[in-house]
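Asks: Model the following, please.
(chains A and B)
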Amino acid sequence: MTTATVSRWDRFRESFLWYSFKRDKVAIVSFVVLMLMVLAAVFAPLLAPADPYDLAQINIMNSELPPAGLAGSDPAFPLGTDAQGRDMLSTILYGTQVSLMIGFGAVVLQAALGILFGLLAGYLGGRVDAVLMRIADVQLSFSTLMVAIIVGAVFKASFGNLMFGEIAIYMLIFIIGVSEWPQIARTVRASVLAEKKKEYVDAAKVMGFSTPRIMFRHILPNTLSPIFVIATVQIANAIISEAALSFLGLGMPETQPSLGSLIKSGFDYIQSGSWWITLLPGLVLVVLVLVINLLGDWLRDVMNPRLYKG
Amino acid sequence: MLAFLVQRISQAFLVMFVISVIAFAIQDGLGDPLQQMVGMSVSQEEREALRDELGLNDSVVVQYLRFAGNALQGDLGNSYFYSKPTLEVIAEHLPATLELVIGASLIIVVFSVPIGVYSAIRPQAWLSKFFMGISTVGISIPVFLTAIMLIQLFSIGVTVSAFPEDTGWGQWLNDFFSTEGGLPSYGRGDELTHLFGTWESGFFSESGLMHLVLPSVSLASIMLPLFIRLIRAEMMEVLQSDYIRYARAKGLSAGRINFLHALKNTMLPVITVGGVQIGIMVAYTILTETVFQWPGVGLMFLEAITRSDIPLIVAYLMVVGLIFVITNTLVDLIYGLVNPTVKLTGKKA
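Replies: Numbers count the residues shown, from 1 in each chain, chains lettered A, B, ... in the order given. Next up is the predicted model:
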């Protein structure tokens, strides 16, 4: 057991991935910042000074206090409070958790759909390929955000406000996952088309393996690195989409806010001078998306076989 | 060529058919028109009679055909909230959105071409790297956040007093980072000029133009980085080609090569991709219009959702779907016309 882990660790340390990571300052900084944010979000219940979901802890008298260092601030609230008197630091920590959960969940769903449809389209070809890729084309030409807004609007209109608020987190994962699957499906299809001409696939066919087995056990592992690259960038896109939907009021309710709904609720108070309610969660959102995008750029450069081998 | 034309146009009709089915399903599945029309006091028999009269008891196919037939004649029902034909409501809101898109497109064209060309010609210059860095950050900032920041900076204004005020440099830095604000951030202003039909334009008054500044800058901010990167990538590829090398060898001036010969071939893919992007802008107008309470179709759509104004939602879907389908088909056709290497018949190579 230990020998296996040691050798795997050694293999990782000798890999090109680790080598280029060590030499890329932007990648290291982005990775550290992302890990800090993920850890802070995961351990939000332990780190946050207050529980924003607990109504008993909220005092309306504390509303709209500015962050520490500004006139009128309260040391109990280092990042100030929002219009309901909730501690901004705590709501941001919990909000980051919600945003990350939706981002990861949506990417898992779209990866599942994208891999399935991409494999089917690429390996089976013919009519299956034509139909699936036409659907993908049409959906992409409408832009994923537009599709997400329309699906969100229909769900909201059919479920009603209250019901939608309760299941919003699953709804958002579903909406964003379904509206963005073509991105991954196209990538998978392109790699499958290149892979299926190779000899090991012929060998597997000659040995009489079933089509699903060849697709998932033999071809899929060889298409993982482009999936990995695009999935990273898709997490950033999913987080932005979630924030946009929440900002439009089609996402998380204010009682269980994500970063997007925090920005939305703060926007109503920006004219009265309380900039921190909307700009602080906005800053966290931008940093989160930026570091994921930078990591995605780096991964693409490293894993692009043309650049690496050529 | 004819086969390509027929194929693309029939595909456009197919897509429009699918959109109409989805729109019909939404209309059929959400809300009961009878409940909107009659009160509680109407008896069950009267309701049934009314259902028969309205054709709500017909089969789904018959109902869809009626819906599609009406839609083809430009009748998508009446809005619950505005109590007038939905297409009329959309026509009233469309000019505001179009002016926003025009404003943003102008900003994109004016800035993306010079910056893209410059960073392609001198990829190693610090200014190019600066622009590329900015565009990476720009892509990571959601459009509504850019809009909020612009409102804070140029509408509300920022007063910075972090630096010591009694020193000269401190005062200077404070002034440097403070902004005055004052730009309007709400609506289109009241000095609109009537052009024709339902078109009230804000282009012809100072107030109208001032109201347009922040929304169009916000809308442009999301597309500008994409276009800069696109122009840069295309231009760098063109600069590698043989005919440019030949022009250099011939001794033509750098300006003539870059702006006459190279830029011409760069713009071709940029214009086609740009056509699709302008369609995608429709999604971003919803966000921008929400932030600035801009009275366009995006804001109208969002209000229709909160009011459960189903006919208006459906009409918006149909109109936006039509705009998307027309732009995409046109872009495909133009691309097929100007670029002969595109597989015209769509057959397998």
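Asks: CA only for contacts and neighbour counts going forward, please
Replies: Fine.
Asks: domains of chain B?
Replies: Using the TED database, the domain parsing of chain B gives B:13-75, B:87-338.
Asks: rank those by mean pLDDT and give me the bottom one.
Replies: With a mean of 77, domain B:13-75 has the lowest mean pLDDT of the domains of chain B.
Asks: how far away is A:R11 from chain B?
Replies: As judged by CA to the nearest CA, to the nearest Å, A:R11 and chain B stand 33 Å apart.
Asks: who are the neighbours in contact with that residue?
Replies: Under the criterion of CA atoms under 8 Å, 6 or more residues apart in numbering or on different chains, A:R11 has no neighbours.
Asks: okay, it: pLDDT?
Replies: pLDDT for A:R11: 75.
Asks: In what element of secondary structure is it found?
Replies: helix A:2-14 (DSSP states H and E).
Asks: sorry, back to before: of all the domains of chain B, which one is nearest chain A?
Replies: Proximity to chain A (CA to the nearest CA) singles out domain B:87-338 among these, at 5.0 Å.
Asks: Need the winner for burial among the domains of chain B.
Replies: Of all the domains of chain B, domain B:87-338 carries the top mean neighbour count, a mean of 18, counting by mean count of other CA atoms under 10 Å in any protein chain shown.
Asks: How about the residues of the stretch 101-250 of chain B by chain A?
Replies: Residues of the stretch 101-250 of chain B that fall close to chain A, judged by CA under 8 Å from any CA of the partner chain: B:136-137, B:140-142, B:144-145, B:148-149, B:152, B:156.
Asks: redo that, cut-off 6 Å
Replies: By the criterion of CA under 6 Å from any CA of the partner chain, the positions of the stretch 101-250 of chain B lying close to chain A are B:140-141.
Asks: ok, and A:Q84, which helix or strand is that part of?
Replies: Using DSSP H and E, no element contains A:Q84; it sits outside every helix and strand.
Asks: pLDDT score assigned to it?
Replies: 74.
Asks: for the one 5 residues further on, same thing?
Replies: Here, the pLDDT recorded for A:L89 equals 84.
Asks: Might you report the residue contacts of it?
Replies: By CA atoms under 6 Å, 6 or more residues apart in numbering or on different chains, the contact set of A:L89 is A:L79.
Asks: Could you measure from it over to A:I219?
Replies: Using CA to CA, to the nearest Å, A:L89 is found at 46 Å from A:I219.
Asks: go on, B:R232?
Replies: Using CA to CA, we find B:R232 at a distance of 35 Å from A:I219.
Asks: Same check on A:A168?
Replies: From A:A168 across to A:I219, the span is 36 Å (CA to CA).
Asks: swap in B:N78?
Replies: Remark: distance between B:N78 and A:I219 (CA to CA) = 53 Å.
Asks: again, but for B:Q293
Replies: For B:Q293, the distance to A:I219 - CA to CA - is 51 Å.
Asks: where does the stretch 1-150 of chain A dip in pLDDT?
Replies: Within the stretch 1-150 of chain A, the ranges that satisfy pLDDT under 70 run A:1-6, A:55-56, A:59-61, A:68-72.
Asks: hmm, what's the outermost residue in chain A?
Replies: A:V206 (40.5 Å; CA atoms, centre = their mean).
Asks: quick one: which of the domains of chain B is nearest A:I227?
Replies: Across the domains of chain B, A:I227 has its closest neighbour in domain B:87-338 (20.8 Å, CA to CA).
Asks: Check the offset of that closest one from the chain's centre.
Replies: For domain B:87-338, the separation from the chain centroid amounts to 9 Å (computed by CA atoms, centre = their mean, to the nearest Å).
Asks: go on, stretch A:289-308?
Replies: Distance, centroid of stretch A:289-308 to centroid of chain: 16 Å (CA atoms, centre = their mean).
Asks: what do you get for stretch A:153-162?
Replies: The answer for stretch A:153-162 is 24 Å, by CA atoms, centre = their mean.
Asks: Pull out the buried residues from that stretch.
Replies: By 16 or more other CA atoms under 10 Å in any protein chain shown, the buried positions in stretch A:153-162 come out as A:153-158, A:161.
Asks: min pLDDT across those residues, which one?
Replies: Lowest pLDDT among the buried residues of stretch A:153-162: A:N161, 71.
Asks: which residues touch stretch B:119-128?
Replies: Taking CA under 6 Å, 6+ apart as the rule, stretch B:119-128 contacts B:232, B:236.
Asks: so how far is the first residue of that stretch from its last?
Replies: So stretch B:119-128: terminal residues 5 Å apart, CA to CA.
Asks: One more: stretch A:260-275?
Replies: Stretch A:260-275 has an end-to-end distance of 15 Å (CA to CA).
Asks: quick check, it touching chain B?
Replies: No - applying CA under 6 Å from any CA, one finds stretch A:260-275 separated from chain B by no less than 6.9 Å.
Asks: and that stretch, how far from the chain's centre?
Replies: With CA atoms, centre = their mean, you get 24 Å for stretch A:260-275.
Asks: Quick one: mean pLDDT over that stretch.
Replies: What stretch A:260-275 shows for mean pLDDT is 81.
Asks: Could you check that stretch and say which residues are buried?
Replies: Buried-residue list, stretch A:260-275, by 16+ other CA under 10 Å: A:260-267, A:269-270, A:274-275.
Asks: quick check, distance from the helix or strand harbouring B:Q11 to the centre of its chain.
Replies: If you go by DSSP H and E, B:Q11 is part of helix B:2-29. Centroid separation for helix B:2-29 versus its chain: 21 Å, with CA atoms, centre = their mean.
Asks: Same check on stretch A:132-151?
Replies: Offset of stretch A:132-151 from its chain centre (CA atoms, centre = their mean): 18 Å.
Asks: mind saving the C-alpha coords of it as PDB?
Replies: Taking Å, rounded to 0.1, in the frame of the first residue of the first chain, the C-alpha atoms of stretch A:132-151 are listed here in PDB:
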ATOM      1  CA  LEU A 132     -26.100  15.600 -31.200                       C
ATOM      2  CA  MET A 133     -23.700  18.100 -32.800                       C
ATOM      3  CA  ARG A 134     -26.600  20.000 -34.400                       C
ATOM      4  CA  ILE A 135     -28.200  20.400 -31.000                       C
ATOM      5  CA  ALA A 136     -24.900  21.400 -29.500                       C
ATOM      6  CA  ASP A 137     -24.300  24.000 -32.300                       C
ATOM      7  CA  VAL A 138     -27.800  25.500 -31.900                       C
ATOM      8  CA  GLN A 139     -27.400  25.700 -28.100                       C
ATOM      9  CA  LEU A 140     -24.000  27.300 -28.400                       C
ATOM     10  CA  SER A 141     -25.100  29.800 -31.000                       C
ATOM     11  CA  PHE A 142     -27.700  31.000 -28.400                       C
ATOM     12  CA  SER A 143     -24.900  31.500 -25.900                       C
ATOM     13  CA  THR A 144     -25.000  29.400 -22.700                       C
ATOM     14  CA  LEU A 145     -26.000  32.400 -20.600                       C
ATOM     15  CA  MET A 146     -29.100  33.000 -22.600                       C
ATOM     16  CA  VAL A 147     -30.100  29.300 -22.400                       C
ATOM     17  CA  ALA A 148     -29.500  29.400 -18.700                       C
ATOM     18  CA  ILE A 149     -31.600  32.500 -18.200                       C
ATOM     19  CA  ILE A 150     -34.500  31.100 -20.200                       C
ATOM     20  CA  VAL A 151     -34.500  27.700 -18.500                       C
END
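Asks: ok so B:L195 is a strand residue?
Replies: Yes - using DSSP: H, G, I helix; E, B strand; the rest coil, the assignment for B:L195 is a strand.
Asks: next one: phi and psi at the residue positioned nearest the centre of chain B?
Replies: Compute the mean C-alpha point of chain B, and by CA atoms, centre = their mean the closest residue is B:M281, 2.2 Å away. The phi/psi pair for B:M281 (degrees, to the nearest 10) reads phi -60, psi -30.
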